[in-house]
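# A predicted structure for the sequence below; I have some questions about it.
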Amino acid sequence: MSLEILSPVSGKTTAMTEVPDPVFAQAMVGPGIAVLPSGGRQDAVAPVDGTVVTLHPHAFVVATEDGRGVLVHLGIDTVKQKGEGFTLHVVKGEAVRAGQPVVGWDPDAVKAAGYSPIVPVVALDAKAEVLSGLLTGGDVEAGDPIFTWDS
């Protein structure tokens with residue numbers, strides 16, 4: 001079954017290898033794509049329909065009905081911000097629809113704090129070959145498709 005993964009933020013898509021963190025760049029948690037967000041406060045939205053199974057101010061995982069998990073990580077090392085500048089719109093365990101706001105944040109504030117605002121979007125525990133249509137180098141709006149995950 002094909003699962004369309006939507007961009008959680010507006011910005012420019014880039015290869016995961018461009019993420020300045022080896023855990024993401026080397027696809028240790030799974031393959032995917034990253035989005036360099038456009039500036040200004042924005043809401044990060046759910047990349048798929050499912051349940052919020054992990055929720056931190058700087059990162060969240062939405063699991064689909066068939067058990068596939070998609071990780072959205074808002075910036076690199078942003079855990080060090082201890083939630084400052086992030087606003088949760090949902091609670092852990094909540095069912096969400098693709099495109100629904102999950103976390104409000106400001107990529108410019110992340111950059112000003114000395115962190116990379118890049119947003120890895122990861123197909124957790126997937127093999128790279130099950131992903132297709134990875135849109136790299138393209139401008140996207142939050143909610144636009146960025147890749148397909150085939151099971």
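Noted; the coordinates are in hand.
# what about Ile146, distance to Ala109?
Between Ile146 and Ala109 the distance is 24 Å, computed by CB to CB, to the nearest Å. Any C-beta I mention is one placed from the backbone N, CA and C, and that applies to glycine too.
# who's more crowded, the two?
Neighbours per residue (other CB atoms under 10 Å) separate Ile146 from Ala109, with Ile146 holding more: 22 against 19.
# Parallel or antiparallel, which strands does the helix or strand hosting that one pair with?
Applying DSSP states H and E as the criterion places Ile146 in strand 145-150. Strands that pair with strand 145-150, judged by DSSP bridges, come out as strand 2-6 (antiparallel), strand 131-132 (antiparallel).
# I'd like to know which of these is closest to Lys92.
Nearest to Lys92 among the strands paired with strand 145-150 is strand 2-6; the distance by CB to CB comes to 20.5 Å.
# That closest one: which residues count as buried?
For strand 2-6, the neighbour count (16 or more other CB atoms under 10 Å) marks 3, 5-6 as buried.
# same check, this time on stretch 35-51
35-38, 42-51.
# can you put the residues you listed in CSV and add distance to Leu71?
Output for the buried residues of stretch 35-51, formatted as CSV (distance: CB to CB, whole Å):
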residue, distance to Leu71
Val35, 13
Leu36, 17
Pro37, 16
Ser38, 21
Gln42, 19
Asp43, 17
Ala44, 12
Val45, 14
Ala46, 12
Pro47, 9
Val48, 11
Asp49, 16
Gly50, 12
Thr51, 14
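# Show me which of the residues you listed is closest to Pro117.
Once CB to CB is applied, the member of the buried residues of stretch 35-51 that ends up nearest Pro117 is Pro37, at 5.5 Å.
# after the longest helix seen in the chain, next one along is what?
Ranked by residue count and defined by DSSP state H, the top helix of the chain is helix 107-112. Where DSSP H and E defines the elements, the next helix or strand beyond helix 107-112 is strand 119-123.
# Tell me the strands beside that following strand, with direction?
strand 32-37 (antiparallel), strand 69-73 (antiparallel).
# gap between the last one and the chain center?
Right, strand 69-73. Chain-centre distance of strand 69-73: 5 Å, with CA atoms, centre = their mean, to the nearest Å.
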